[in-house]
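J.: my questions are about this predicted structure, shown below with the sequence.
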Amino acid sequence: MYTGIMLYPRFSEYEVSVLLSILKQGEKSIIHIGLDKQVVKGEAGLSCVPDVRIDEVDVSALDSIALPGVDDFRHLVEHPELITFLRKLQNKKIWLGAISSAPYLLSMSGLLDGKKYTTGLTEEQRCFLGTFSKADFIEEPVVVDDNLITARGSHFIEFAIEFGKALGLDFDESWYKN
């Protein structure tokens, strides 16, 4: 079983930096999933090459997936392959992690339905997007509800630690604290 790390244009590299370190330290198998196999540039300009396209992922081999935020997700809203892929995860009991603006990708795919969550998006942005449940929003840095871990982007360390703990990984939490 492995953890999928989603890569899409303009993803926030820093939001997965500590998570990648914890997964490595915990000797967790990782696969980088792209919308296609083209080089993906993060918001800071880091170029990454996905291992597989979303339509090639063996969902039965995933036990977890992490979605970093993105500084502008307009190019992802109408992406049918991404929505189809995320909906395949709907009835799977895998850990879903989404940070910063990425909970929007889960909400537009129905994966936030009935789950408590947080996000880096403002109340005005959530209302405008129209896919978020106002009643399920929690004003906290990190929220864990069942198999879902959500966080605000500035809490990427806490997000990564919660994700590592959820997977039962052996890692040294003190590496990531001042």
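T.: Received, thanks. Numbering: from 1, shown residues only.
J.: phi and psi next, for Gly26.
T.: phi -80, psi 10 (degrees, to the nearest 10).
J.: pretty sure Leu67 sits against Ser101.
T.: No. With contact defined as CB atoms under 8 Å, Leu67 does not reach Ser101; the gap is 9.4 Å. For the C-beta atoms, the positions are set from N, CA and C on the backbone; glycine is no exception.
J.: which one of the two has more residues nearby?
T.: Between Leu67 and Ser101, Leu67 has the larger neighbour count (other CB atoms under 10 Å), namely 29 against 25.
J.: in contact with the more buried one, which residues?
T.: Contacts for Leu67 (CB atoms under 8 Å, 6 or more residues apart in numbering) come out as 6, 96-99, 102, 105-106.
J.: same deal with Val49?
T.: Val49 sits in contact with 32, 34, 37, 39-40, where contact means CB under 8 Å, 6+ apart.
J.: so can I have a markdown table of those residues showing secondary structure?
T.: Shown next, in a markdown table, are the contacts of Val49 (DSSP: H, G, I helix; E, B strand; the rest coil):
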| residue | secondary structure |
| --- | --- |
| His32 | strand |
| Gly34 | strand |
| Lys37 | coil |
| Val39 | coil |
| Val40 | strand |
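J.: in this structure, which spans are strands?
T.: 2-7, 30-34, 40-41, 47-48, 52-53, 62-67, 95-99, 142-145, 148-151 (DSSP state E).
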